[in-house]
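**Student:** Can you look at this prediction? I've put the sequence above it.
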Amino acid sequence: MLKLPPPTADTPTLDELLAAMDSLASDQAPRWGTMDAAAMLEHCASFVDLYLGRVRVGQPVRMIARLIGPIFLRKVMAKSPTATPKNLRTLSEIKTKAGGAVDLGPAKERLRAGLEEVRVMDGVQAHVLYGASEAESLRSLVRHHTAHHFHQFGLLG
């Protein structure tokens with residue numbers, strides 16, 4: 001079963017992430033990367049969908065994720081979201097591009113709804129990539145990933 005260390009002290013809570021998201025403007029430029037604000041929110045919402053089991057992933061990716069995913073995730077979670085490397089390769093299933101037909105308002109609401117679903121997860125979850133996983137570990141991963149991208153747009157200190 002996937003059980004990860006707790007998030008670092010500077011990883012925002014879900015409430016802090018939701019509050020930070022409210023300050024995002026559609027014309028806000030990223031500090032790095034190619035996504036615009038709406039694409040970043042859509043990417044984060046797709047990441048949440050992946051962790052809620054709503055994204056299908058091919059067998060080869062699932063096999064690799066089960067073998068090396070826990071090692072990679074433990075290394076990532078041991079660091080601050082600000083220390084996560086920039087421009088890491090993204091699963092094609094959750095990749096978004098700048099300039100897509102995504103409006104900021106609906107993207108905010110989609111991510112908000114997903115984060116609220118993550119908030120109430122409990123027990124053991126069947127994760128598409130990592131198999132049986134503690135809900136708290138998955139919640140920590142979502143917080144870490146979302147914080148990383150919110151730092152990308154200067155939404156967090």
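**Tutor:** Arrived safely. Residues are numbered from 1 along each chain as shown.

**Student:** for residue 126, phi and psi?
**Tutor:** Main-chain dihedrals, residue 126, degrees, to the nearest 10: phi -90, psi 100.

**Student:** Quick check: bridge partners of it?
**Tutor:** residue 132 (DSSP bridges).

**Student:** Thought residue 53 was touching it, still the case?
**Tutor:** Yes. Between residue 126 and residue 53 there is a contact under Cβ atoms under 8 Å: 6.7 Å. All C-beta atoms are positioned from the backbone trio N, CA, C, and that covers glycine.

**Student:** Who are the contact partners of the nearest residue to residue 152 once chain neighbours are set aside?
**Tutor:** Leaving aside its sequence neighbours, residue 152 sits nearest to residue 30 (Cβ to Cβ, 6 or more residues apart in numbering; 5.1 Å). The neighbours of residue 30, taking Cβ atoms under 8 Å, 6 or more residues apart in numbering as the test, are 36-37, 40, 152-153.

**Student:** Now flag whichever of those is closest to residue 85.
**Tutor:** Nearest to residue 85 out of these is residue 152 (Cβ to Cβ; 12.0 Å).

**Student:** State the pLDDT value of the closest one.
**Tutor:** The per-residue pLDDT reported for residue 152 equals 97.

**Student:** next one: residue 94
**Tutor:** 79.

**Student:** How about the one 3 residues further on?
**Tutor:** The predicted local distance difference test score for residue 97 is 62.

**Student:** what do you get for residue 79?
**Tutor:** At residue 79, pLDDT is 94.
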